[in-house]
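1. The amino acid sequence is not available; the structure is as follows:
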C-alpha cells in the first residue's frame, strides 16, 4: 500500500459499498423537483390573486396540500444534499466541516418541519385561525 | 491527512479559458445555493405567514406589495421583493435547465464537443428567455 497520495492509500481496498447512495438520491429528488416545482409555479400564476382567502382555499384542497408537502420534502432533501457537497468541497478543516454539516442538517430539518406543519394546518383548518 | 506538499495541484479557476460548459457548471452550483437559501427563506416565510392567519399574512403581503404612489415599484411589487423574486425565478430556470442537462449527461449522452457547447448556451439563453416571459406574464395582469 502506498503512502504518497490518497488514491495510493485506498487502491486495492475495494468499494466502500455506500458511495453511490448520495448521488442516486440527489437524482431522485431532482426528478421530484422537476415535476413539482413547475406545478407550484403554474398553480401560483393561475390563481386569480394571492390574497389570504384565495391562497388558503387553494392550499386546503387535498391535491394541492399533498403536492405542496411532496414539493417541500423533495426540494429540502435535494438542497440539503447539494449544500452538503458544497460544504465538503470548500470547507477543508475537519472541525469546521463537522460544524457546518451539523448546522446545515439542523436548519434544513427545522425549516422543512416548519413548512410541513404550516401546510398541514392550512389543509386541516382551511386557513381558519 | 499527511500530504506531500511538493506534488502539483490542479490549477484553479483563473487558469482556464472560459467557455460555456465551464460557465454553466459554475452557474449550476451558484444558482443551487441561491435557490436553497433565498428560495427556502421566501417559501418558509410565505407558508408560515399563511398558516399564522389573516393578519400575519396581510403584514407579509404588505412588505411585498408597494403602497399607493410609491415610486420604487415594479407592477404591484416593491422594488426589493421584485429584485429578490426576479433573481429566484432566474436561478430556478437556470438551475432546472442545467439540472436537466446533468441528467442527460448522467446517462452518458451529450459529451460531443459541439453538442455540449450548444446545450450549454441553449440553457443559459433559455433560462433568460423563460424568466423574462414569466415576468411579462405576471406584470401584464
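-> Received it, and whenever you're ready, just let me know what you need. The model shown is predicted, which means the values in this text are computed figures rather than measured ones.

2. Remind me what the lowest-mean-pLDDT helix or strand in chain B packs against, helices and strands.
-> Least confident helix or strand of chain B, by mean pLDDT, DSSP states H and E, is strand B:73-74 with a mean of 84. Where contact means 3 or more Cβ pairs under 8 Å, 6 or more residues apart in numbering or on different chains; DSSP states H and E, strand B:73-74 is packed against helix B:79-106. C-beta: built from backbone N, CA, C; applies to glycine.

3. and residue B:12, how many residues sit next to it?
-> Other residues lying near residue B:12 total 7 when counted by other Cβ atoms under 10 Å in any protein chain shown.

4. returning to that earlier point: partners of the least confident helix or strand of chain B in the sheet?
-> Partners of strand B:73-74 in the sheet, by DSSP bridges, are strand B:77-78 (antiparallel).

5. List the contacts of the strand it pairs with.
-> Applying Cβ atoms under 8 Å, 6 or more residues apart in numbering or on different chains, the external contacts of strand B:77-78 come out as B:63, B:64, B:65, B:66, B:70, B:72, B:85.

6. Just the buried subset of the residues you listed, please.
-> B:64, B:66, B:85 (16 or more other Cβ atoms under 10 Å in any protein chain shown).

7. TSV please, covering those and showing pLDDT.
-> Output for these, formatted as TSV (pLDDT from 0 to 100):
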residue	pLDDT
B:64	94
B:66	86
B:85	97
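
8. Let me have the residues you listed in TSV, extended by distance to residue B:47.
-> What follows is the buried ones among the contacts of strand B:77-78, written out as TSV (distance: Cβ to Cβ, whole Å):
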residue	distance to residue B:47
B:64	14
B:66	23
B:85	16
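
9. Return the member of the contacts of strand B:77-78 nearest to residue B:38.
-> residue B:85 (9.2 Å; Cβ to Cβ).

10. Tell me which residues are up against the least confident helix or strand of chain B.
-> B:66, B:79, B:82, B:139.

11. near chain A, from the residues you listed?
-> Taking Cβ under 8 Å from any Cβ of the partner chain as the test, chain A is in contact with none of those.

12. now, among those, which is nearest to chain A?
-> For the contacts of strand B:73-74, the closest approach to chain A (Cβ to the nearest Cβ) belongs to residue B:139, at 11.7 Å.

13. Nearest residue to the closest one in space, please, no chain neighbours.
-> residue B:75 (4.4 Å; Cβ to Cβ, 6 or more residues apart in numbering or on different chains).

14. list the contacts for that neighbour?
-> B:82, B:138, B:139.

15. Now do it against chain A, distance only.
-> Using Cβ to the nearest Cβ, to the nearest Å, residue B:75 is found at 12 Å from chain A.
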